[in-house]
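**Q** give me the fold of what follows.
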Amino acid sequence: MDRNKRSRIYLIVLMLAVFLVYTYRQNQPKEVLVQGTTMGTIAYNIKYLDKDQRNFKPQIDSLLQDFNQSLSTYIPDSEISTFNKNGKVKFYYPYFYDVLAASREVNEATDGAFDPTVGQLIDAWGFGDGKLIAPDSSQVDSLMDYIGFDKIKFDTNYASKAIDGLKLNFSAIAKGQAIDVVADWLKDQGMENFMVEIGGEVRAHGKNLDGEFWTIGIEVPDEKRVGRLFDALHLENQGMATSGNYRNFRVLDDGRKVVHTIDPKTGYPKMQTLLSATILAPNCMLADAYATACMVMGKEKSIALVEADPSLECYLIYTDESGNMATYLSSGLEGKTIKSESEE
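**A** Numbering: from 1, shown residues only. I've put the predicted structure just below:
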């Protein structure tokens, strides 16, 4: 074979190789980042792998707008505002029924530690409509008349309350539900690898651009070190939410510090040696609700709850008897944290 013929064959092979590499790269997924705000000023960050690099921000914003029109207490004519004001509501969107059904599930599983009927108490302690009352014992006793999930009746079309004055507040579950709404929509668009985060709560599916499970951080539960990473988990097709009292608290005129975790059984803010509870669940709505319930129940009851339910995992940060920060990881998380990897 002469030199010219070999050169032509080499050139053809080279061009074919370049074409194949180009085609391969064109067909590989690329990461798309969508950011914005929802529920007022809460930031969201959404990543998904899409070879066509489609921008789903307009659709996601529209979806979240509808969600807020159903469940935002800051929108006067939302479905939840209508329920709280009029005592009943007919559902136009699917979200209200779904969150009530999930709330009933978690309420029963936690023996009432999670209860969205605490709206009046949340307002009274300054974590709702902004009108801090700091109620005394007699006022708390009066407000307790409005608490109890059994005071709500609902089906797939309507919800009503059995007592005037009862006020629903889904702040401990709504972010998780909004994340699930977006995540399910992305799956419907054919997305197999994505991460949806709203206000620190997350749901992940598939893997990231590096072919690894999505890595989600857990903050140090300390008001003076907000944003500092304590540890991180690999999230495998799950929802993840963290609840703690290190951010959301009030200092009363008399100097007392009250936290946003309200115990539905006593009516008072609940301080615990449990500093933060991170829950992993099949979806983020359940993770969000169970994380709040854990902060009410405390460390030992939270451990018992999680270990009895194979669909849940927990990462608890608490203060031990010596006053030091300690952790408890449920059995399914052993060896799956960034700290555990660094120790190997």
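**Q** my guess is N45 contacts E197. True?
**A** Yes - at 4.7 Å, N45 and E197 qualify as touching, with contact defined as C-beta atoms under 8 Å. Heads up, the C-betas are built off the backbone N, CA and C, glycines and all.
**Q** these two - which one has more neighbours?
**A** More crowded of N45 and E197, by other C-beta atoms under 10 Å: E197, with 22 against 14.
**Q** give the contact list for the more buried one.
**A** Residues near E197 by C-beta atoms under 8 Å, 6 or more residues apart in numbering: 44-46, 179.
**Q** how about the contacts made by A277?
**A** The contact partners of A277, taken as C-beta under 8 Å, 6+ apart, are 242-244, 291, 294-295, 302, 314-316.
**Q** from I42, how far off is it?
**A** Using C-beta to C-beta, to the nearest Å, A277 is found at 20 Å from I42.
**Q** what is the end-to-end distance of stretch 289-308?
**A** End-to-end distance for stretch 289-308: 17 Å, by C-alpha to C-alpha, to the nearest Å.
**Q** please read the previous query as pertaining to stretch 33-53.
**A** End to end - C-alpha to C-alpha - stretch 33-53 spans 10 Å.
**Q** and stretch 29-49, by the same measure?
**A** By C-alpha to C-alpha, the extent of stretch 29-49 from end to end equals 5 Å.
**Q** mind listing what's buried along that stretch?
**A** Within stretch 29-49, the residues that count as buried by 16 or more other C-beta atoms under 10 Å are 29, 32, 34, 38-39, 44, 46-49.
**Q** greatest separation within the residues you listed: which pair is it?
**A** Maximum pairwise distance among the buried residues of stretch 29-49 (C-beta to C-beta): 29.5 Å, between P29 and M39.
**Q** tell me how far M297 lies from K175.
**A** Counting by C-beta to C-beta, the gap from M297 to K175 is 20 Å.
**Q** now swap in S322 and tell me
**A** 34 Å.
**Q** repeat for I317
**A** For I317, the distance to K175 equals 20 Å [C-beta to C-beta].
**Q** touching, F67 and V181? I think so.
**A** Yes - between F67 and V181 there is a contact at 5.7 Å, judged by C-beta under 8 Å.
**Q** between the two, what contacts are shared?
**A** Contact criterion C-beta under 8 Å, 6+ apart; residues shared by F67 and V181: Y95.
**Q** I'd say G36 and K57 touch.
**A** Yes - G36 lies in contact with K57 (C-beta under 8 Å); the separation is 6.6 Å.
**Q** give me the lowest-pLDDT entry from the contacts of A277.
**A** Least confident of these in the model: G244, at 85.
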